[in-house]
Each structure stands twice: as structure tokens, then as C-alpha cells.
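no sequence on this one, just coordinates:
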């Protein structure tokens, strides 16, 4: 299944592929939906399950000005949010890039073990 996002464009709410979301888009985040990109909450409060990114077992309450991170699930509430980062610029994207760098770099322990 392809990830979808509800976005307001040209004054109309529409459902599009999450891959087409761009910074500045206004998106609707509601219970049961996945966050399509890193977004700033514009109003109200939502609870987000960020366990896939942080390992935190309990939902986190996000309010006005807080960041809802791509890859998390909204478990309670509904709000509009403004897309801040997409793709490799998201928290998830930066984490993946760091992991990739760590794998190619090898790290100090790997270098020591290979010398032995």
C-alpha cells in the first residue's frame, strides 16, 4: 500500500501520495493516520505513537508548535499541520543517513577488531 496524505491545495482538501507532499503544505493529521513528513502542529493537541523512531512505549502529546515526525502514527485527536521537512531532511531521513555513514565508516571498534 502506498502512503497517502490529506493535503489542502488551491483551497481544497485532497488525498494524494505522501511522496508528493512538499514543505509548506497544509496537511490533516487525525487518529489512525501516519504522519507523511515532519510537520509543525498548528492548533490543538494530538497524541502520536513515536515508538518506531524513539522506542518510547507511550504516545507523546503534541501541541501547537511541536513537531510531528514522519513515520509516526496519530493515536488520538485531529489537527492541521504545516509540512516542515520531507525525504532525507526528515528526522527519519537524517537517522537513516547517519546509520549509512556508520556502516561505511566502520567505526573505531570495527577498525580495532580488523587489526587483531
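Yes, it's here. No experiment lies behind these values; they were computed from the predicted model shown.

residue ranges of the helices in this structure, please?
Under the criterion DSSP state H, the chain contains helices at 51-54, 91-105, 107-115.

worst average pLDDT in these?
Note on these: lowest mean pLDDT is at helix 107-115, with a mean of 59.

Spatially nearest residue to the most centrally placed residue in the chain, not counting backbone neighbours?
Using Cα atoms, centre = their mean, the residue of the chain that lies closest to the mean C-alpha position is residue 70, 1.1 Å off. Distance criterion Cβ to Cβ, 6 or more residues apart in numbering; nearest residue to residue 70, sequence neighbours excluded, is residue 90 at 4.4 Å. C-beta here means a position set from N, CA and C on the backbone, and glycine is covered the same way.

what's the spacing between that neighbour and residue 68?
Taking Cβ to Cβ, to the nearest Å as the measure, residue 90 falls 11 Å from residue 68.

who touches both of those two?
Common contacts of residue 90 and residue 68, defined by Cβ atoms under 8 Å, 6 or more residues apart in numbering, comprise residue 38.

contacting residues around the residue nearest to residue 70?
Contact analysis of residue 90 by Cβ under 8 Å, 6+ apart lists 37, 38, 69, 70, 71.

mind running it again at 7 Å?
Shown in contact with residue 90 (Cβ atoms under 7 Å, 6 or more residues apart in numbering): 37, 38, 70.

How about residue 24?
Residue 24 is in contact with 82, 83, counting by Cβ under 7 Å, 6+ apart.

Kindly recompute the last result at 10 Å.
82, 83, 84 (Cβ atoms under 10 Å, 6 or more residues apart in numbering).

what does residue 61 give?
The contact partners of residue 61, by Cβ under 10 Å, 6+ apart, come to 45, 46, 47, 48, 76, 77.

Pull up the per-residue confidence for the fourth one.
Spelled out, it's residue 48. 96.

What is the burial count for it?
Residue 48 has 24 neighbours, counted by other Cβ atoms under 10 Å.

For the nearest residue to residue 28 once chain neighbours are set aside, give the beta-bridge partners.
Among residues not flanking residue 28 along the chain, residue 6 sits closest, at 4.2 Å (Cβ to Cβ, 6+ apart). Using DSSP bridges, the bridge partners assigned to residue 6 are residue 15, residue 28.
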